[in-house]
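A.B. asks: I would like the atomic coordinates for the input below:
(2 chains)
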There are 2 protein chains.
Amino acid sequence: MNARVILYGVGAIGLETARAAAQRRDILLVGAIDTDPEKAGRDLGDLTGVDSLRGIAVSDQPAQVPAGTGPLVALLTTSSRLEQVFPQLEQLARAGVNVVSSCEELSFPWYHHPDWADRIHRLAQSHNVRILGTGVNPGFVLDELVVTMASVCSRVTRIEARRILDAGKRREPLQKKVGAGMAEAEFRDLVGRNALGHLGLAESVAYVAEGMGWKLDSISESTDPVISDRDVQTPYVKVSKGEVAGLRMIAVGKKGDAAVITLELQMYVGARRPVDEIYIEGEPSLRTRIPRGIPGDIATVAKLINSIPRVLQGEPGLLRPRS
Amino acid sequence: MNARVILYGVGAIGLETARAAAQRRDILLVGAIDTDPEKAGRDLGDLTGVDSLRGIAVSDQPAQVPAGTGPLVALLTTSSRLEQVFPQLEQLARAGVNVVSSCEELSFPWYHHPDWADRIHRLAQSHNVRILGTGVNPGFVLDELVVTMASVCSRVTRIEARRILDAGKRREPLQKKVGAGMAEAEFRDLVGRNALGHLGLAESVAYVAEGMGWKLDSISESTDPVISDRDVQTPYVKVSKGEVAGLRMIAVGKKGDAAVITLELQMYVGARRPVDEIYIEGEPSLRTRIPRGIPGDIATVAKLINSIPRVLQGEPGLLRPRS
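C.D. replies: Presented below is the predicted three-dimensional model:
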């Protein structure tokens, strides 16, 4: 693909991205950015343990683009929130850098954040770059893959999809994010203050609706605790029976009173049957299962990398999902 | 989508397509073509049993395009072979009609039939139309879906996919096509003369290779009988224990000596565990299952219809799979 790639964000996902990119002959990693003072100046080889990445120092100066020729793409993995990534998108666009980002709210901003979507689209257009939000969840398993499966149905009346993952096998921040080890009251309090939960499920509902050509009347979302039925110990947290093991979120898209899209996400420590599954009711009805589910982190990294060719093609702007 | 649609071919798949299209508000069926003298002049309402299709007479004059304005798309379901559909593509292209076809060899002609692919591409370009070959198998379950799943893998070392379907639940021609009820010697004789088997598996291997960006050194294909372990009776055929129940085809794509893509198709009467499954070995490794498998005929019809918007967009020519 002959693109030069810059990492923006060298947290857990950013470093995994660097490791995966280092194995690919079609990617040339030319820079790394992080504004965390603890990371600025450090060597990407040291941070990743990958020898071939030695010599790339983490910069805290996003406006400085590496010298050289050929298109630049930044893999942006700094935040889940549009308001936090927007200034970073501005820096990159002004420097002529295309962007693929794992920012959850950027995966499908047109429904819940149309003003941001419009602003980002105009930003990209005015600087002649392309910006894409993607990932696995949101970005693939509960949206792109659902729409792909529906492409072999001549009529669809209802869609259900579910992702169940064992948070105990994931990173510490994810185990914390789902509330593992909390008392139920604390969990509900944090949910009430929007301080706990996973972003992107409602975005996936909007993505699926667009892919199906459906106009929804509402999208609603709920978050409840999964209470552990036994004691579970992970490397990062201990969950006693009766405590919160994690969360169960449901996002529902309705036409009138009919729930036509129902997406469910269970992320909890000790999940016994991790799976991704999609059910499409229609002509024909189809069930699709991915036993054990798609591993979130490494697959998100892959999706970012594999999306690079797309942001080097086509019209400048904020790229919409393909239908 | 505001396209006017013409059926070219009113065999089993063509009539199913008409029935599905009649249920869609976004499709306007304006004509039907079939050169079979037994079908010419007949009413599509009578042939399909669908009242809203009354008044559309089957024409045997492909060059006559219905009057009216707006883009035209033909759904071409006449043959599996390029040499047979080519004159039909010529008629349609000259009349300015875009084409979506279930012709198996057209699903990915660039590897096995590059001369035809080139000729069809130039034909479409010179008449400013778009031509697309698609379907379920080939066209989706063993190729497009495989490549879609691989989009969340940063590294892929090997791909296996398998489709097992119960031919006893399918149309009579399909039961005949797979050799159900034959003696093994007759089956092998017909395979040796290319008179029996399913077209498109090798096309799917080439499609997957292109989607993965892999250059293959060879694609090979084998066809063997599945011998029935019991007596099976379908509405169309009786298979005794020891007779041929159907076929098992394997197509293998190699890089050097390594089989990097292995696709398997089992179509036989009495199959006990119909399924579509995909295994991708890589980072991450992923297994995907569609229990009972995608129903071939109605899903192929859906794929044809759902591909109409694509042939109304983009550059004229023979459309390649999207990667």
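A.B. asks: contact residues of chain A facing chain B?
C.D. replies: A:20, A:23-24, A:26, A:136, A:140-141, A:144-145, A:148-149, A:151-155, A:213, A:283-284, A:286-292, A:294-295, A:298-303, A:305-306, A:309, A:322-323 (C-beta under 8 Å from any C-beta of the partner chain). In this view, the C-beta of every residue, glycine as well, is placed from N, C-alpha and C.
A.B. asks: now, of these, which are buried?
C.D. replies: A:20, A:24, A:136, A:140-141, A:144-145, A:148-149, A:151-154, A:283-284, A:286, A:288-290, A:292, A:294-295, A:298-303, A:305-306 (16 or more other C-beta atoms under 10 Å in any protein chain shown).
A.B. asks: buried set for the strand or helix carrying A:V252?
C.D. replies: In the assignment (DSSP states H and E), A:V252 maps to strand A:244-255. Neighbour-count burial for strand A:244-255, counted by 16+ other C-beta under 10 Å, picks out A:244-254.
A.B. asks: again with stretch A:215-228
C.D. replies: For stretch A:215-228, by 16+ other C-beta under 10 Å, it's A:216, A:219, A:223, A:225-226, A:228.
A.B. asks: please apply the same query to stretch A:6-20.
C.D. replies: Those would be A:6-11, A:13-20, for stretch A:6-20 by 16+ other C-beta under 10 Å.
A.B. asks: can I get the worst-scoring helix or strand of chain A on mean pLDDT as PDB, trimmed to CA atoms?
C.D. replies: Least confident helix or strand of chain A, by mean pLDDT, DSSP states H and E, is helix A:172-177 with a mean of 87. Taking Å, rounded to 0.1, in the frame of the first residue of the first chain, the C-alpha atoms of helix A:172-177 are listed here in PDB:
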ATOM      1  CA  GLU A 172      -7.000  -4.500  33.400                       C
ATOM      2  CA  PRO A 173      -8.700  -1.200  32.100                       C
ATOM      3  CA  LEU A 174     -11.400  -3.200  30.500                       C
ATOM      4  CA  GLN A 175     -12.100  -5.200  33.700                       C
ATOM      5  CA  LYS A 176     -12.300  -1.900  35.500                       C
ATOM      6  CA  LYS A 177     -14.500  -0.400  32.800                       C
END
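A.B. asks: TSV for the buried residues of stretch A:6-20, including secondary structure and pLDDT?
C.D. replies: Converted to TSV, the buried residues of stretch A:6-20 look like this (DSSP: H, G, I helix; E, B strand; the rest coil; pLDDT from 0 to 100):
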residue	secondary structure	pLDDT
A:I6	strand	96
A:L7	strand	96
A:Y8	strand	97
A:G9	coil	97
A:V10	coil	96
A:G11	coil	94
A:I13	helix	94
A:G14	helix	96
A:L15	helix	96
A:E16	helix	96
A:T17	helix	96
A:A18	helix	96
A:R19	helix	96
A:A20	helix	95
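A.B. asks: closest one of those to chain B?
C.D. replies: Nearest to chain B out of those is A:A20 (C-beta to the nearest C-beta; 4.1 Å).
A.B. asks: show me the contacts for that closest one.
C.D. replies: With contacts defined as C-beta atoms under 8 Å, 6 or more residues apart in numbering or on different chains, A:A20 is in contact with A:298, A:301-302, A:305, B:154-155, B:283.
A.B. asks: what's the burial count for A:G168?
C.D. replies: 21 (other C-beta atoms under 10 Å in any protein chain shown).
A.B. asks: thought A:V232 was touching it, still the case?
C.D. replies: Yes - contact status for A:G168 versus A:V232: in contact at 6.4 Å, counting by C-beta atoms under 8 Å.
A.B. asks: which residues are common contacts for these two?
C.D. replies: Common contact partners of A:G168 and A:V232 (C-beta under 8 Å, 6+ apart): A:269-270.
A.B. asks: who does the nearest residue to A:G70 once chain neighbours are set aside bridge with?
C.D. replies: Leaving aside its chain neighbours, A:G70 sits nearest to A:R4 (5.4 Å; criterion: C-beta to C-beta, 6 or more residues apart in numbering or on different chains). For A:R4, the beta-bridge partners are A:L28, A:L72 (DSSP bridges).
A.B. asks: burial count for A:R4?
C.D. replies: A:R4: 18 neighbours (other C-beta under 10 Å).
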